[in-house]
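**Q** Generate a structure from the sequence data that follows.
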Amino acid sequence: MAKAKEETSVFDVNKVRELIELMEQHDLNEVDLKQSDQRIRLRRGGQPVLQSAAVPASPVAAPAVAAAVPVAAEKMGDDNHDLILSPTIGTYYSRPKPDAKDFVKVGDKVTPDTIICLVEAMKMFNEIPAGVSGTIVEILVNSEDPVHVDMPLFKISKN
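**A** Numbering: from 1, shown residues only. As a prediction, the model looks like this:
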């Protein structure tokens with residue numbers, strides 16, 4: 001019984017999150033692990049790939065939402081506007097669920113802690129905080145658009 005639990009531990013969601021965080025911290029493009037007859041491979045930069053030689057017996061949980069990722073704000077050339085940039089590569093989502101309202105819309109006031117969107121990377125949904133205070137002037141991407149690091153997502157006027 002202990003062996004069966006040990007064999008499925010490579011697929012533990014928390015372990016996968018830790019691996020992704022380590023990949024980002026150390027700028028790794030690929031991690032490939034093997035435990036008994038199971039294997040997991042995580043890649044960054046291209047098409048995300050998750051492979052396994054054996055399927056875990058337990059059902060797969062819904063994608064988890066990762067902790068908020070810090071966002072960079074950059075001056076846009078005038079003293080009244082900033083750009084909110086994507087902190088990571090992935091797919092941009094304007095709402096938490098398909099049937100939910102958008103996190104923000106043009107005219108909304110935000111604070112540095114306001115969650116403004118999700119960016120999904122390797123099945124991890126990262127909540128993106130505004131990082132600055134101000135009013136959303138323009139949304140520069142559409143939901144489900146691919147985004148890259150430092151890509152402008154929002155134009156914001158300073159309060």
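**Q** Which strand residues bridge Tyr93?
**A** Counting by DSSP bridges, Tyr93 is bridged to Leu118.
**Q** Tell me if I'm right that it and Cys117 touch.
**A** Yes: if you go by C-beta atoms under 8 Å, Tyr93 and Cys117 touch, sitting 6.2 Å apart. Quick note: C-beta positions are derived from backbone N, CA and C, even for glycine.
**Q** phi, psi of Leu83?
**A** phi -110, psi 140 (degrees, to the nearest 10).
**Q** and this protein, what are its domains?
**A** Per automatic domain parsing, the structural domains of the chain span 2-58, 66-158.
**Q** tell me the average confidence for the last one?
**A** The one in question is domain 66-158. For domain 66-158, the mean per-residue pLDDT is 86.
**Q** Could you find the closest non-adjacent residue to Asp108?
**A** For Asp108, ignoring the flanking residues on the chain, the nearest one in space by C-beta to C-beta, 6 or more residues apart in numbering is Ile136 at 4.9 Å.
**Q** Surely that neighbour and Thr114 touch.
**A** No: using C-beta under 8 Å, Ile136 makes no contact with Thr114, being 9.6 Å away.
**Q** Mind checking which of these two has more residues around it?
**A** Ile136 (21 against 18; other C-beta atoms under 10 Å).
**Q** Would you tell me what helix or strand that one is located in?
**A** Assigned by DSSP states H and E, Ile136 belongs to strand 134-139.
**Q** residues in contact with that strand?
**A** With C-beta atoms under 8 Å, 6 or more residues apart in numbering as the test, strand 134-139 has contacts from 81-82, 94, 104-110, 116, 153-159.
**Q** Quickly run through the sheet partners of it, with directions.
**A** For strand 134-139, using DSSP bridges, the partner strands are strand 109-110 (antiparallel), strand 152-158 (antiparallel).
**Q** Distance to Ser143 for those strands - can I get that in CSV?
**A** Formatted as CSV, the strands paired with strand 134-139 follow (distance: least, C-beta to C-beta, whole Å):
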stretch, distance to Ser143
strand 109-110, 18
strand 152-158, 11
